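S.K.: Quick one, structure for this:
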Amino acid sequence: MLRVGSMVARRFEELVVWQLARELERRVYAFTDESAVAKDFDYCSQIRRSSSSSPRNIAEGFGRYLPGDFCKFLRNALGSLAETRDHLDAGLERRYLTHNAHHELQTLANRATGAGVRLAKYLDSCKGRWSRRRRK
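M.R.: Prediction:
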């Protein structure tokens, strides 16, 4: 259970950062299914892996039940979001994405990143109040 102010997340699916990262993953898979980009197997594989990694790391970290552990996985997710943003730029350069589609996906990735950074700061502030003994 994660408590932010008066809000409590009992499942990772309730976290805004996870929801945004998951939506980004869905949209990446949708645009990489299109014929022009689908032929570039390396690009598709790389952007799909990076976009899938973010929600998976958030879910795994949430399941650790300790702010410090969760924060470590959240930072991994933030790294994957940055990698996905870089792949999106490459997709624009290769003309796999229109400027509008690129902007939309970058905005979604940036929103997920912002939510993740805010959550990481909150978790960092909680680390001192938690210990492994309280978990038992």
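S.K.: just the strands in the chain please.
M.R.: The residue ranges that make up the strands of the chain, judged by DSSP state E, are 2-4, 7-9.
S.K.: which of these has the lowest average pLDDT?
M.R.: Comparing mean pLDDT across the strands of the chain, the lowest value falls on strand 2-4: a mean of 53.
S.K.: Endpoint to endpoint, stretch 61-75 covers what distance?
M.R.: Distance across stretch 61-75, first residue to last, is 10 Å (C-alpha to C-alpha, to the nearest Å).
S.K.: what's that stretch in contact with?
M.R.: Identification of contacts with stretch 61-75 by C-beta atoms under 8 Å, 6 or more residues apart in numbering yields 2, 9, 11-12, 15, 17-18, 57-58, 60, 76-77, 116, 119-120, 123-124, 126-127, 130, 132, 135. C-beta: built from backbone N, CA, C; applies to glycine.
S.K.: and if you look at stretch 14-22?
M.R.: The list of residues contacting stretch 14-22 from outside it, by C-beta under 8 Å, 6+ apart, reads 2, 9, 12-13, 51, 54-55, 58-59, 62, 74, 77, 81, 108, 111-112, 115-116, 119.
S.K.: where exactly do the helices run in the protein?
M.R.: Remark: helices assigned in the chain by DSSP state H are 16-32, 35-38, 41-62, 67-93, 99-126, 132-135.
S.K.: can you list those in JSON lines and add mean neighbour count?
M.R.: Written out in JSON lines, the entries for the helices of the chain read as follows (neighbours: other C-beta atoms under 10 Å):
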{"stretch": "helix 16-32", "mean neighbour count": "20"}
{"stretch": "helix 35-38", "mean neighbour count": "12"}
{"stretch": "helix 41-62", "mean neighbour count": "20"}
{"stretch": "helix 67-93", "mean neighbour count": "19"}
{"stretch": "helix 99-126", "mean neighbour count": "17"}
{"stretch": "helix 132-135", "mean neighbour count": "8"}
